[in-house]
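Novice: the following comprises the amino acid sequence and a computationally predicted model.
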Amino acid sequence: MLRRVLPALGLLLLALGAWWWVASWDSVDDLLLASPSETWQALRDDRELLLDNTWVTLVEVLLGLAIAIAAAFLLAVAMHLVRPLRDAAYPLLVASQAVPIFVLAPIFVLAFDYGIGPKLALVALISFFPIAVALVDGLRSVDEDLLKLMRSLGASRPFRLVRVELPAALPSFFSGLRIGASVAVIGAVFGELAGADEGLGRLIFLGNNQLETPRVYAGVVILTVMAVGLFALVSLLERAAVPWRTKT
Amino acid sequence: MPAKGVSLQTTLAKETATAVELRGATRSFGPLEALAAVDLALAEGEIVAIVGPSGCGKSTLLELVAGLQEPDDGSVRAPASSYMPQKDLLLPWRDALGNAALALEAGGTPRREARRRAAPLFERFGLAGFERTPPWELSGGMRQRVAFLRTLLPGRPLLLLDEPFAALDSLTRAEMQSWLAEALDAEPRTTLLVTHDVEEALYLGDRVAVMSPRPGRVVAELEVPHPRARPRREAVTDPAFVGLKEQALEALGC
């Protein structure tokens, strides 16, 4: 464990050092770049403000992810069961990812309101694609011979789906979820930038306008930690749900 | 679905009744002729081993008998069967008992009941104590045993074994051949075994059908007079056995 954590820690320290060094240059405006110590100071001084807003963003991310998972699951299973639907929906799935979220965010905020709605929609939209694609591929990845065996045993279509294909798709699902969870944070921030009363994205936006550069950096640090934390959480869940992945 | 209703043999049939019959069964895949007019019959309770070179259409033959494919020409008559592929195909998210029970569950038996019915077979066939072991912790031979029990459990009158031990090392394979001989002695079934191992065919089969390279056809049939389930070493070193092996190898063109 330590052996695997050490390199990551080393690189992190290296990046921190570089940040520190660049921030110490006289030619770099303090309004552009806060030093790590200033950021740390902001993290401590604005603790409650940051914590409240982190909570808001985290809720948006988790609920949005839940929506994305549910939608991806339904669509992937439907696409898997109905071949023409798969052929028809795959290009649209890719297209959904190509639409710039940056453009959509203000439209969503206009269409819904300032509340949590547009944020959830954006989080779901951005993390839906990797999860759905991974699930579709995972459902198709089942060994051809295994399906033949199941047919020879007289297994019904629902039995094959529930007892064979869905469990077999779990490793792929988690790969997709890992990516989906790390990009979900981006969706929430865009949603908040386009219009919100609270949340880390909103806080960063305000901090920019009020020239509170250290607070902006503190917000970014928290967002990064949140994305890494979600990634790690999904990895943990995967270990519990797919113990055979590393064994076979 | 296997050809269940096509011609289910009645239990009243005499010992010599024909359980499986292929007549001029032909199967092509596009320009590739896999099977050319195969004639083969299995009596009820008989173990027939099919031996042939790689790509002679052995697996196609099994799939025809299993009802997974239809012949282009000729006829295939077979009762409901269960099929054991070369790969064990055990599901990693189920323990060993759950895997053996899978065949019953696929047929509609509730999970708990399926496990309950699979359990005594674990006792009888050398798997006691491994019921809750996940497949990845089982040895290759153990995995094949579980796969075989999965094949046996639905209680279908015909077993189709498609090179079941091909993926095992030779020592484990020898051990598994003895095990299978005993298992089939204890649970007699009409069995069609496909293999590329002449010794395995002669040791396990009552009769050996030799197939030609593609397009596959049966070029020789050898009766194996020795009794079933005798010690493998004794069997394979028997001069009569060695003589049969020579005949089979000759028919194969080796």
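Specialist: Great, that's in hand. Numbers count the residues shown, from 1 in each chain, chains lettered A, B, ... in the order given.

Novice: let me know the outermost residue of chain A.
Specialist: Centroid-distance maximum for chain A: residue A:152 at 40.9 Å, with CA atoms, centre = their mean.

Novice: list the contacts of that one.
Specialist: Under the criterion of CB atoms under 8 Å, 6 or more residues apart in numbering or on different chains, the contact partners of residue A:152 comprise B:2, B:66, B:67, B:68, B:81, B:82, B:83. (C-beta placed from N, C-alpha, C; glycine too.)

Novice: give me that answer again for 10 Å
Specialist: For residue A:152, the set of contacting residues under the criterion of CB atoms under 10 Å, 6 or more residues apart in numbering or on different chains consists of B:1-2, B:62-63, B:66-68, B:80-85, B:103, B:106, B:151, B:154, B:156, B:160.

Novice: now the element after the helix or strand where residue A:175 lies, going C-ward?
Specialist: Using DSSP states H and E, residue A:175 sits within helix A:166-194. Stepping forward along the backbone from helix A:166-194, the first helix or strand reached (DSSP H and E) is helix A:200-209.

Novice: from the chain's centroid, how far away is the helix or strand where residue A:158 lies?
Specialist: Residue A:158 belongs to helix A:157-159 when elements are defined using DSSP H and E. In terms of CA atoms, centre = their mean, to the nearest Å, the centre of helix A:157-159 is found 32 Å from the chain centre.

Novice: state the pLDDT value of residue A:213.
Specialist: In the predicted model, residue A:213 carries a pLDDT score of 88.

Novice: and for it, nearest residue in space, chain neighbours not counted?
Specialist: Once flanking residues are discounted, residue A:213 sits nearest to residue A:34: 4.6 Å by CB to CB, 6 or more residues apart in numbering or on different chains.

Novice: who's in contact with that neighbour?
Specialist: Under the criterion of CB under 10 Å, 6+ apart, the neighbours of residue A:34 are A:19, A:23, A:40-42, A:212-218, A:220.

Novice: next step: those residues restricted to strands.
Specialist: Residues from these lying in strands, with DSSP state E as the criterion: none.

Novice: so which of those sit within helices?
Specialist: Among the contacts of residue A:34, DSSP state H puts A:19, A:23, A:40, A:41, A:42, A:213, A:214, A:215, A:216, A:217, A:218, A:220 in helices.

Novice: please name the nearest non-neighbouring residue to the fourth one.
Specialist: Right, residue A:41. Among residues not flanking residue A:41 along the chain, residue A:214 sits closest, at 6.3 Å (CB to CB, 6+ apart).

Novice: who's the residue nearest the centre of chain B bridged to?
Specialist: Geometric centre of chain B, nearest residue: residue B:161, 2.1 Å, by CA atoms, centre = their mean. Using DSSP bridges, the beta-bridge partners of residue B:161 come out as residue B:84, residue B:193.

Novice: thought it was touching residue B:180?
Specialist: Yes - with contacts defined as CB atoms under 10 Å, residue B:161 counts as touching residue B:180 at a distance of 8.1 Å.

Novice: may I ask which helix or strand encompasses residue B:24?
Specialist: Residue B:24 belongs to strand B:18-29 when assigned by DSSP H and E.

Novice: thanks a lot, see you next time.
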